[in-house]
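> Here you go, sequence then predicted model.
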Amino acid sequence: MADVLRAFEEHRQTVYRLALHHTGSVHDAEDICQSAFLRLAEHADRVGDAAAKAWLIRVTINLCRDHARERMRHGTEEIDETIAAPQEDREVLQKVMELPEKDRAVVYLYYFEGYSTSEIARLTHTTQTAVSTRLARAREKLKRELEELP
């Protein structure tokens, strides 16, 4: 149990921010973060300390995907306006949140968490080429949309 507590202290902010960027809701992010660490506690005997962060990121992404599927089945919800970001960054954050889920995950992991494209490929179970393509497309889309802002 001490390993799970240590992992929680070390990685809770990363897991929470990832969930928040995926869901756009503080409450949903908290629920997903809690679920991710509960799953870690259930599988602690199979997840080593060195692999805990990568495992948690994969689980968090999967939980966010499950959440998005569930939300699609039961309708959509508005993005929570309580997201903590400076006013000048809200437009950028809003545009990132509007990206398709796969692109949003890649952008978040690359720009907010500092992962390389090869690390993202490993975490998301895709190829490095797919990650690079998603990043390029997302950058281009964000550039176009941000240029349209007043």
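That came through, no problem.
> Find the residue at the geometric middle of this protein.
Nearest to the mean C-alpha position of the chain, by C-alpha atoms, centre = their mean, lies Leu18 at 3.0 Å.
> In contact with that one, which residues?
With contacts defined as C-beta atoms under 8 Å, 6 or more residues apart in numbering, the neighbours of Leu18 are 57, 60-61, 64, 108-109, 113. In this view, the C-beta of every residue, glycine as well, is placed from N, C-alpha and C.
> how many neighbours does Arg65 have?
Neighbourhood size, Arg65 [other C-beta atoms under 10 Å]: 14.
> Quick check: it touching Lys102?
No - applying C-beta atoms under 8 Å as the test, Arg65 and Lys102 come out as separate, 9.2 Å apart.
> could you pull out the helices for the protein?
For the chain, helices defined by DSSP state H occupy the ranges 2-23, 26-42, 52-73, 87-97, 101-107, 117-124, 128-147.
> Columns mean pLDDT on top of those helices, output as a markdown table?
Shown next, in a markdown table, are the helices of the chain (pLDDT from 0 to 100):
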| stretch | mean pLDDT |
| --- | --- |
| helix 2-23 | 86 |
| helix 26-42 | 90 |
| helix 52-73 | 87 |
| helix 87-97 | 69 |
| helix 101-107 | 84 |
| helix 117-124 | 87 |
| helix 128-147 | 88 |
